[in-house]
Structure formats: C-alpha cells, structure tokens
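A.B. asks: here's my sequence, what's the structure:
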Amino acid sequence: MTTNLPITIPLSKGKLLLSTFGAFAFVAIGFWFVLVPPSRTGSSVESTFLMVLGLVAILFFGGIALLIIRKLFDPRPGLIINEEGLTDNSGGLSAGQILWQDIEDISVLQIQRQRLMLILVKNPQDYIDRQSNGWKRKLMAMNYRQYGTPLSISTNGLKITFAELVEILKHHLATFHQKTR
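C.D. replies: Got it, this is the predicted structure:
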C-alpha cells in the first residue's frame, strides 16, 4: 500500500471504454424495443410497455454513455489523496474536494455486484449545496436520503482495485484523526 502523500490515481481509460460499450449495448436494446417491440401475445399493452421501456433505456443509458465519454477525454486524475483530504473526479457525481476534517467514517455498500465507498461527512448539506449543477445537487440529495451521505466513490473508472482504495483511504483517515486528537 502506498502511504506517501500525495497519491494520484488516474482514470482508467480501459475501464471507461468498456463501460461505454456496455451503455451503448443497452441503448441499442432500447432502440430495438422501440422500433421492433417483441410481442409474444400480440397485446398492445405489452407492446406499449416495451416501447416505453425502450425509450427509458435510450435516455438513461444514453446519458450515462455521454458522461463516460466526457470522462474519457478528461485529463485530470480520477482521485487525489493529500494531507488536506481527497479530491474526487472519479465519476458523474464527483464531489470535488472532501476534507479529512469533515469525514467521520468510510463504509462499503454493495448493490448487486456494484461496490461503493460511502464517505460519511459531518456536514453533508454543505457538499450538496456547493454543487452548481441542479441535477447533480438533486441526485446527491437523493443519495443522502437513501444512504445517509451524498458522497460515494466507485473504482469503476479508476486505475486501482476497490480493496486497495478502501485500505488507503481508511489508513489516511485514521492517521488524520490520530494527529488531531
């Protein structure tokens, strides 16, 4: 484990490219549902449902694909860990700078096969309010209501394993708390 600060973790262009292909696959399925809705019974209700589902898939996964493509061309590192805290640029809901003094704990959440690090902070509303993008602010508020924090980090787009990043962040958080006691 690297303990010398600062630690710079780049974005993984390979992981991002694979995610882009996955998102486009779901967009293609969405178009298939809209243009040629499969129907076993010939029911118009079923066809309408599949058409609506296709439109939702196109919009949702198309939006995700655009966010990922934007990240592919982002020259900034995905995560920077330094004496002050961490600067998150890892995904679509990146929070920017998160100070060690604000972090109370780091926990792990698993949803299906997706693992997220939840960054529990003393002042969650401050992190929500400082977002200039209204959609991002709403999504962070939704995360706060559902998980108790607006801040989460995934390694899906980072050149590091999930276990390594959890270990590094917990180590530096503990070191910070020991220094400030």
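A.B. asks: in this structure, which spans are helices?
C.D. replies: Taking DSSP state H as the test, the helices found in the chain are 13-35, 44-72, 124-129, 134-147, 162-179.
A.B. asks: by mean pLDDT, which helix or strand of the protein comes out lowest?
C.D. replies: In the chain, no helix or strand scores lower on mean pLDDT, DSSP states H and E than helix 44-72, which sits at a mean of 89.
A.B. asks: that helix: which residues count as buried?
C.D. replies: Residues of helix 44-72 classed as buried by neighbour count (16 or more other Cβ atoms under 10 Å): 50, 54, 57, 58, 61, 62, 64, 65, 67, 68, 69, 71. C-beta: built from backbone N, CA, C; applies to glycine.
A.B. asks: nearest spatial neighbour of the fourth one, chain-adjacent residues omitted?
C.D. replies: Once its chain neighbours are removed from consideration, residue 58 has its nearest residue in residue 30; the separation is 3.9 Å (Cβ to Cβ, 6 or more residues apart in numbering).
A.B. asks: spatially central, which residue of this structure would that be?
C.D. replies: residue 91 (4.6 Å; Cα atoms, centre = their mean).
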